[in-house]
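Colleague: Show me the folded form of this:
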Amino acid sequence: MLLFDIPDLQLASESSSIVRTRSVWAHGFETLDVYMYPNASPPERGENVAILNGYHLRLFQPAEDLQHPKECHVTSFKLQTHDPPRVHARNCLSSRRVFFCKDDKLHTCAIPSEQDGLLQARQQSSEPPSLGAISTVQVDEARVGGKLRVQDISWDERSGRLCLLAGQHHDYETAQRSPLRIVVVDF
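Modeller: Here you go, the predicted structure:
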């Protein structure tokens, strides 16, 4: 993970050149945990940014003064969000919650914050702890032939609505397609 000091925007001109910049902070991950494009929560002012790599939930805590990026921290929690042989759907993050499909179920859990004490407990431990309460969400409308078939997940924190693209592009066992449909779940 790299942090860049992005230069101020300038008006484009025909003679404008590429502005090169170097990273001001870097953090490496274990080989098992490297995704080319991991999911990240949308940044909100004053909040941590959550990054979901498949086996860990990483919380990036920016430095209070970005002029001193060495004060940035990454806190890790164990969270395997998919079955290794296949991924049902991409994961979904907000600034406060994670949604993922695993073991033919839709799961959700809260992202740790400064207020709940998990971040402080993690900083005192050498091994990444598992996240606390992971809930299962029952959504029968997202099942095809008795199996959970979620292609994509979207969560809106403000409205408390989860939107699923459910169905199956192609069922290789029966060589048939099922129609895709949108399922909305209110929390």
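
Colleague: where do the helices sit along the chain?
Modeller: 118-123 (DSSP state H).

Colleague: Just the buried positions in stretch 154-164, please.
Modeller: Going by neighbour count (16 or more other CB atoms under 10 Å), the buried part of stretch 154-164 is 155, 162-164. Backbone N, C-alpha and C define where each C-beta goes, glycine included.

Colleague: Any chance of a markdown table for those residues, columns pLDDT and distance to residue 148?
Modeller: Formatted as a markdown table, the buried residues of stretch 154-164 follow (pLDDT from 0 to 100; distance: CB to CB, whole Å):
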| residue | pLDDT | distance to residue 148 |
| --- | --- | --- |
| 155 | 90 | 17 |
| 162 | 92 | 14 |
| 163 | 93 | 15 |
| 164 | 92 | 10 |
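
Colleague: so which of these comes closest to residue 23?
Modeller: residue 155 (30.1 Å; CB to CB).

Colleague: helices and strands of the chain: which one bottoms out on pLDDT?
Modeller: helix 118-123 (a mean of 54; mean pLDDT, DSSP states H and E).

Colleague: just to revisit the earlier point, is it possible to get CSV of the buried residues of stretch 154-164 that adds distance to residue 181?
Modeller: Below are these laid out as CSV (distance: CB to CB, whole Å):
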residue, distance to residue 181
155, 18
162, 14
163, 11
164, 9
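
Colleague: and these, which of them are in strands?
Modeller: With DSSP state E as the criterion, strands contain 155, 162-164 from among the buried residues of stretch 154-164.

Colleague: about what we covered before: of the buried residues of stretch 154-164, closest to residue 62?
Modeller: Distances from residue 62 to the buried residues of stretch 154-164, taken by CB to CB, are shortest for residue 155, at 22.8 Å.

Colleague: my read: the closest one touches residue 94, true?
Modeller: Yes: in this structure, residue 155 is within contact of residue 94 by CB atoms under 8 Å, at 5.3 Å.

Colleague: Residue 77 contacts residue 131, doesn't it?
Modeller: Yes: between residue 77 and residue 131 there is a contact under CB under 8 Å: 4.9 Å.

Colleague: Just want to know which of those two has more residues nearby.
Modeller: With neighbours defined as other CB atoms under 10 Å, residue 77 and residue 131 compare such that residue 77 has more, 20 against 17.

Colleague: Quickly list what the more buried one is bridged to.
Modeller: residue 57 (DSSP bridges).
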